[in-house]
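Novice: would you be able to build a 3D model of this:
(4 chains)
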Protein chains: 2
Amino acid sequence: MSASETRQQIVDVADRLFYEHGFEATSFADIAKDVGLSRGNFYYHFKTKDEILDAVIAQRLANTSGMLLAWEQDAASPTECIRNFVHILIANRTKIMAHGCPVGTLCNELAKLDHTAKDRAASLFTLFRDWLRRQFVKLGREEDADALALHVLMRSQGVAALAAAFRDEEFIRREVADMEAWLHAQCPAASNPNPRQPA
Amino acid sequence: MSASETRQQIVDVADRLFYEHGFEATSFADIAKDVGLSRGNFYYHFKTKDEILDAVIAQRLANTSGMLLAWEQDAASPTECIRNFVHILIANRTKIMAHGCPVGTLCNELAKLDHTAKDRAASLFTLFRDWLRRQFVKLGREEDADALALHVLMRSQGVAALAAAFRDEEFIRREVADMEAWLHAQCPAASNPNPRQPA
DNA sequence: GTCTATATGGGGATAGAC
DNA sequence: GTCTATCCCCATATAGAC
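Specialist: From the prediction side, this is the model:
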């Protein structure tokens, strides 16, 4: 196998394990085992655990950027864009109930560890924040677009946190519906040619 | 020093360190150092790290119960009670911006570790949930009291998570004010003899 | 590029002196 | 009740053969 392919596999596995069990609790041996690599060979690809974390965050930033850009190109309206974001909670409900929000929990852990990468992890939030702000600007809410973006982010974080604590799928669906109602109330005049049902 | 005093000191220090740095990242040596105890002597008071965690959670449950009970006895109305809860975000803003919500981040970590104590940590949420539900019942919202309670909890979790990621105090104050407006809209007929300003 | 073997350090936990 | 000394395991990280 080529070095780049192996490296990619390592990042993919590390990404998943960091999400499922946390950064600190995931050992090199865990990653190597799932990739099917010896611990020794591991260091050919990554010198330190922090290097893997950097690669994982970089990949998440790239994937998230791509996803948001695609949404912006495909969605019929800014409202539809924001709805897409909110519906991540339902689409990923199983994983969220098991492990929480991938971004929120990582930021949490790195902040407690006072890890050097904590700000880069938080920049994942900034990606969503700026993108949401842009949607609200398009909806004519220039003045409080950033506050609205943070409000949507805040709600999704709260839903993910409680959904994980209580393992309550009905709670997720209820709060997503409430966010859609809130969204509609924020921009009542917004065009909405392709309405989607709450669940 | 008596055994019970030393034990209490250990629990207090562990409580703080678990909050500031997380459960796993806090070592026996860290706790012992802050208490002024040798690692060896430590095991006279607690046999395992999980025992300390149990004691910390038990203490948090007791303290929280006491606080909620006192609020219920002192507050002029259920609305005032809920407002007290929401205002924890402002009262503890410095610590929240640094380390997040003590309950949410602990539940998070224990869930990822699949720790046996994760459900007991989540019961801290249940304490708030049941208490909030009771307040909404008093306000005449029997039918959806639990959903409203979860909604308030959800918002406070979301605010704590983002406040920690962005270190934004203004965001906290804005969202607390928004929650108070929401609360007022939920129970417009509720008596409110002692209104409190948003900040 | 992949392996085995190994160095090094930290953390949980124990034994036993005082 | 407190201490020092120590054991054991696991995790990061390295060296060097293949």
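
Novice: nearest residue to the residue in chain A that chain B sits nearest to in space, please, no chain neighbours.
Specialist: Going by C-beta to the nearest C-beta, chain B is nearest to residue A:158 of chain A, at 2.9 Å. To be clear about C-beta, it is placed using only N, CA and C from the backbone, and glycine gets the same treatment. Closest residue to residue A:158 apart from its sequence neighbours, by C-beta to C-beta, 6 or more residues apart in numbering or on different chains: residue B:158 at 2.9 Å.

Novice: can you give the domain ranges for chain A?
Specialist: Taking automatic domain parsing as the reference, chain A has its domains at A:1-47, A:61-189.

Novice: tell me which of those domains sits most buried.
Specialist: domain A:61-189 (a mean of 19; mean count of other C-beta atoms under 10 Å in any protein chain shown).

Novice: that one close to DNA strand D?
Specialist: No - shown here: domain A:61-189 not in contact with DNA strand D (C-beta under 7 Å from any atom of the strand), separated by at least 12.5 Å.

Novice: return the distance of that domain from the chain's centre.
Specialist: 7 Å (C-alpha atoms, centre = their mean, to the nearest Å).

Novice: please apply the same query to stretch A:12-32.
Specialist: 17 Å.

Novice: how about the CA coordinates for it, as CSV?
Specialist: Written as CSV, here are the backbone C-alpha positions of stretch A:12-32 (Å, rounded to 0.1, in the frame of the first residue of the first chain):
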residue,chain,number,x,y,z
ASP,A,12,-10.0,8.1,8.9
VAL,A,13,-9.7,5.6,11.8
ALA,A,14,-8.3,8.3,14.2
ASP,A,15,-11.2,10.6,13.3
ARG,A,16,-13.7,7.9,14.1
LEU,A,17,-12.0,6.8,17.3
PHE,A,18,-11.5,10.4,18.6
TYR,A,19,-15.2,10.9,18.1
GLU,A,20,-16.3,7.7,19.7
HIS,A,21,-13.9,7.5,22.6
GLY,A,22,-12.2,10.9,22.8
PHE,A,23,-8.7,12.1,21.9
GLU,A,24,-6.9,11.2,25.1
ALA,A,25,-8.6,7.8,25.6
THR,A,26,-7.6,6.7,22.1
SER,A,27,-4.1,5.1,22.0
PHE,A,28,-1.7,4.6,19.1
ALA,A,29,-2.3,0.9,19.6
ASP,A,30,-6.1,1.3,19.1
ILE,A,31,-5.6,3.2,15.8
ALA,A,32,-2.9,0.8,14.6
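
Novice: please verify my assumption that the residue of chain A closest to chain B contacts residue B:159.
Specialist: Yes - with contact defined as C-beta atoms under 8 Å, residue A:158 reaches residue B:159; the gap is 7.4 Å.

Novice: where does chain A have its least confident helix or strand?
Specialist: helix A:39-45 (a mean of 90; mean pLDDT, DSSP states H and E).

Novice: and the contacts of that one?
Specialist: A:3, A:6-7, A:10, A:28-29, A:31-32 (C-beta atoms under 8 Å, 6 or more residues apart in numbering or on different chains).

Novice: and those near DNA strand C, which?
Specialist: With C-beta under 7 Å from any atom of the strand as the criterion, those include A:3, A:6 near DNA strand C.

Novice: farthest pair in the contacts of helix A:39-45?
Specialist: Farthest-apart pair in the contacts of helix A:39-45 is A:3 and A:29; separation 20.7 Å (C-beta to C-beta).

Novice: and the most centrally placed residue in chain A, what's its pLDDT?
Specialist: The residue lying closest to the centre of chain A (C-alpha atoms, centre = their mean) is residue A:103, at 4.8 Å. Predicted confidence (pLDDT) for residue A:103: 98.
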